[in-house]
Structures are given as structure tokens and as C-alpha cells.
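[1] I would like to see how this sequence folds:
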Amino acid sequence: MFEQEISFHFAAEEKEIFPVAAQHAELQPLVQELLVGHVLLRDFFSRAAARKLHVAGLQALVEKLASHMRKEERELFEGMQKLMGPEELSVVGLALQRSLAESSDACMLPNAATRLRPKQ
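    Predicted coordinates for the structure are as follows:
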């Protein structure tokens, strides 16, 4: 899952979202925190793939990933919506969509084409 989905997602965020968000001083500490979170989560996933995480480690991975996602949704994305106009957000969204084109549909942003496409 990490190799097929999350690694693409992290790379796309780091390339398309974080640099734009970091242009706003209010979001810079949050962007730094999220970047550190990516490093930590990559380490967790690496140890899990090497079968070096036991139950407690896997539980910590799940908790860290869920917390990271909530922080992005509730703080970063909300902050960006407050500080950026619709046009700028649209540009970021399109760039993100292009960056995620190599991943499977699980990371894709919903749009008219994906809503109409039948499930396989």
C-alpha cells in the first residue's frame, strides 16, 4: 500500500502543496511539522515492510498516520482555504492531480470524470 499509494501521495504533497502553503508565514511551522511527519511515517512504513514492527509499533503507525491526515485536513487545508483565493487553490489542485496521475485511483481527487467512471 505504501509503495502504490502513500509514497506517491507524500511526494505530491511535498512537491505541490507544501511549497505553496509555506509561502504564507502562518503556515510555515505547520508545513515543517508535516514534513517531519512524512519522515517519521516513511520510517514506520520501512520498518513494517521489513517486518520489524510488532503489534505496538503497528498501532503507533496507524495512530501517527491518522493524526497526520487529520492535521492536514483540519489545519493545513483549512488554513490554505482561508489564505488563498479560489483561483490559486484551483492551480494547486490541478498540479496535485497531475502529480498523482502515476498512482492508482485511491489517491486521485474526485472530479466529474472519476465520479462517472464505473468501478472495476
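[2] which SS state does residue 51 fall under?
    The three-state assignment at residue 51 reads coil, by DSSP: H, G, I helix; E, B strand; the rest coil.
[3] can you list the low-confidence ranges for the chain?
    Along the chain, segments meeting pLDDT under 70 span 1-4, 102-120.
[4] helices along that one, start to end?
    7-12, 18-21, 28-49, 55-71, 78-83, 86-99, 112-116 (DSSP state H).
[5] dump those into a markdown table; add mean neighbour count as well.
    Where you see a C-beta, it was placed from the backbone N, CA and C, and this is true even at glycine. Output for these, formatted as a markdown table (neighbours: other CB atoms under 10 Å):
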| stretch | mean neighbour count |
| --- | --- |
| helix 7-12 | 18 |
| helix 18-21 | 18 |
| helix 28-49 | 15 |
| helix 55-71 | 12 |
| helix 78-83 | 14 |
| helix 86-99 | 14 |
| helix 112-116 | 8 |
